[in-house]
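1. Structure for this input, please:
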Amino acid sequence: MTVGIAILDMDGTILSRRSIDSFCDGFGFTEKLVEVDRQSSNLPAYMVSEAIARFFSGLPKHSLEQMFDSIPLNHGINGFVSFLKSNEFHIAIATDSYQFLAEGLAKRIGADSCYGNLVELQDGLLTGRLLIDHHCLRIEGCREY
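-> Got it, this is the predicted structure:
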């Protein structure tokens with residue numbers, strides 16, 4: 001029987017750095033990311049995610065997975081997950097990164113489930129498109145997460 005639910009953020013919480021920073025460093029998109037970050041305060045979050053997804057158009061999924069797997073975990077995360085599991089918590093990973101990466105991380109640390117953006121793939125290559133519905137909140141001042 002599950003006693004509780006622990007929802008852990010992926011980038012900078014489970015992982016020692018943001019995956020997007022590793023990808024942009026590795027693939028040479030750092031200047032593009034700086035520009036998107038500069039504009040992000042004026043854009044709904046889903047538009048930021050869509051802009052970043054376009055960086056990776058044409059790249060093989062396995063290249064992102066390989067780079068992602070090289071990002072170190074934060075110190076103590078394995079012990080924390082073990083503690084949660086021993087206390088019968090359901091452990092979920094939440095991220096604005098990609099679902100396929102979160103799934104790999106869930107296996108790596110023993111999390112039970114995960115939620116991330118679904119990215120379109122064709123023949124193992126990222127198309128640069130996200131496959132998500134925009135269930136945006138309609139509250140004045142909301143950044144539309």
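2. Report how many residues lie close to the closest residue in space to I77 that isn't next to it in sequence.
-> Residue nearest to I77 in three dimensions, not counting chain neighbours: I14, with 5.4 Å by CB to CB, 6 or more residues apart in numbering. Glycine gets a C-beta too; all of them are placed from N, C-alpha and C. If you count neighbours by other CB atoms under 10 Å, I14 ends up with 23.
3. Next up, the contacts around I14.
-> 8, 73-74, 77, 93, 105, 109 (CB atoms under 8 Å, 6 or more residues apart in numbering).
4. Please indicate which of those residues has the highest neighbour count?
-> Neighbour max across those (other CB under 10 Å) = I93, 25 neighbours.
5. those helices in this structure, which residues are they?
-> Secondary structure of the chain (DSSP state H): helices at 19-27, 30-39, 45-55, 61-69, 77-86, 99-109.
6. Figure out which of these is closest to Q122.
-> helix 61-69 (10.2 Å; CB to CB).
7. measure the most centrally placed residue in the chain to F56 for me?
-> With distances taken as CA atoms, centre = their mean, S97 lies nearest the centre of the chain, 2.2 Å away. In this view, S97 and F56 are 11 Å apart by CB to CB, to the nearest Å.
8. Alpha carbons only: can I get stretch 53-65 in PDB?
-> Extracted in PDB, the C-alpha atoms of stretch 53-65 (Å, rounded to 0.1, in the frame of the first residue of the first chain):
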ATOM      1  CA  ALA A  53      12.400  21.600 -29.200                       C
ATOM      2  CA  ARG A  54      13.100  23.100 -32.600                       C
ATOM      3  CA  PHE A  55      16.800  23.200 -31.700                       C
ATOM      4  CA  PHE A  56      17.000  19.400 -31.800                       C
ATOM      5  CA  SER A  57      15.200  18.900 -35.100                       C
ATOM      6  CA  GLY A  58      17.000  16.200 -37.100                       C
ATOM      7  CA  LEU A  59      19.100  14.900 -34.100                       C
ATOM      8  CA  PRO A  60      19.000  11.200 -33.300                       C
ATOM      9  CA  LYS A  61      17.100  10.300 -30.100                       C
ATOM     10  CA  HIS A  62      20.000   8.100 -29.000                       C
ATOM     11  CA  SER A  63      22.400  11.100 -29.100                       C
ATOM     12  CA  LEU A  64      20.300  12.900 -26.600                       C
ATOM     13  CA  GLU A  65      19.900   9.800 -24.500                       C
END
